[in-house]
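Enquirer: sequence? don't have it. structure:
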């Protein structure tokens, strides 16, 4: 996200990335800002003024994401934070996940939150583990040490889900097979990932 408003303290969504179950990018768009950007926060966001040249209107990006999310399983980290408010940085892994940041909603039965599952299944002690810490512990990989990449975060979230998918999916209600589902990632349906590091604890 980038900083807008007085002294750039207000955060605004600037990039949306979606990857499938295998980490292949399905969508990666910069979002055109309605207000003047005061601080690109490049050292953390990885976003620069030159990226805004190819940015698309928020409504256009929102529709693309909504179309990709339809009838798909959303896999994300602290995913509901990404989906609730528009002013959040969003990263999506397998299929798509974004309700906060993009003002979209997604059915709970079609949502898999790695932060929630990691706490529920005692993978970590904290209920609100940060993605970077979960990835370091489970994959031995360092992310977000400098400039963030929404694609990297999305792929990392999906990798964690793939690692624990069998256990985490136990007891999950089977989805009604009203129509054949296209698989973009995990459990026979499409899946997606979103991550909000600010919602995670160290």
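Expert: Thanks, I have the structure now. Remember, it's a predicted structure, so these values are computed and weren't measured experimentally.
Enquirer: Who are the packing partners of the longest helix anywhere in the chain?
Expert: Scanning the chain for the longest helix, with DSSP state H as the assignment, gives helix 150-168. Secondary-structure packing of helix 150-168 (3 or more C-beta pairs under 8 Å, 6 or more residues apart in numbering; DSSP states H and E): strand 15-19, strand 25-30, strand 74-76, strand 90-91, helix 114-120, helix 131-139. To be clear about C-beta, it is placed using only N, CA and C from the backbone, and glycine gets the same treatment.
Enquirer: quick one: which of those is nearest residue 39?
Expert: Closest of the helices and strands packed on helix 150-168 to residue 39 is strand 15-19, at 15.1 Å (criterion: C-beta to C-beta).
Enquirer: Tell me the gap between the longest helix of the chain and the middle of its chain.
Expert: 11 Å (C-alpha atoms, centre = their mean, to the nearest Å).
Enquirer: what's the answer for stretch 25-33, then?
Expert: 12 Å.
Enquirer: try stretch 6-25
Expert: With C-alpha atoms, centre = their mean, you get 8 Å for stretch 6-25.
Enquirer: Now do it, average pLDDT.
Expert: Per-region confidence: stretch 6-25 scores 91 on mean pLDDT.
Enquirer: Quick one: end-to-end distance for it.
Expert: 34 Å (C-alpha to C-alpha, to the nearest Å).
Enquirer: Would you mind listing the buried residues in it?
Expert: 8, 11-21, 23 (16 or more other C-beta atoms under 10 Å).
Enquirer: ok, the nearest residue to residue 167 once chain neighbours are set aside - contacts?
Expert: Spatial nearest neighbour of residue 167, excluding adjacent residues (C-beta to C-beta, 6 or more residues apart in numbering): residue 121 at 6.3 Å. The neighbourhood of residue 121, defined by C-beta atoms under 8 Å, 6 or more residues apart in numbering, consists of 164, 167-168.
Enquirer: same check, this time on residue 137
Expert: So residue 137 contacts 123-124 (C-beta under 8 Å, 6+ apart).
Enquirer: measure it to residue 124 for me?
Expert: 7 Å (C-beta to C-beta, to the nearest Å).
Enquirer: Adding distance to residue 67, write the buried residues of stretch 6-25 out as JSON lines.
Expert: As requested, the buried residues of stretch 6-25 are exported to JSON lines (distance: C-beta to C-beta, whole Å):
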{"residue": "8", "distance to residue 67": "32"}
{"residue": "11", "distance to residue 67": "25"}
{"residue": "12", "distance to residue 67": "23"}
{"residue": "13", "distance to residue 67": "18"}
{"residue": "14", "distance to residue 67": "21"}
{"residue": "15", "distance to residue 67": "18"}
{"residue": "16", "distance to residue 67": "13"}
{"residue": "17", "distance to residue 67": "16"}
{"residue": "18", "distance to residue 67": "11"}
{"residue": "19", "distance to residue 67": "16"}
{"residue": "20", "distance to residue 67": "15"}
{"residue": "21", "distance to residue 67": "18"}
{"residue": "23", "distance to residue 67": "21"}
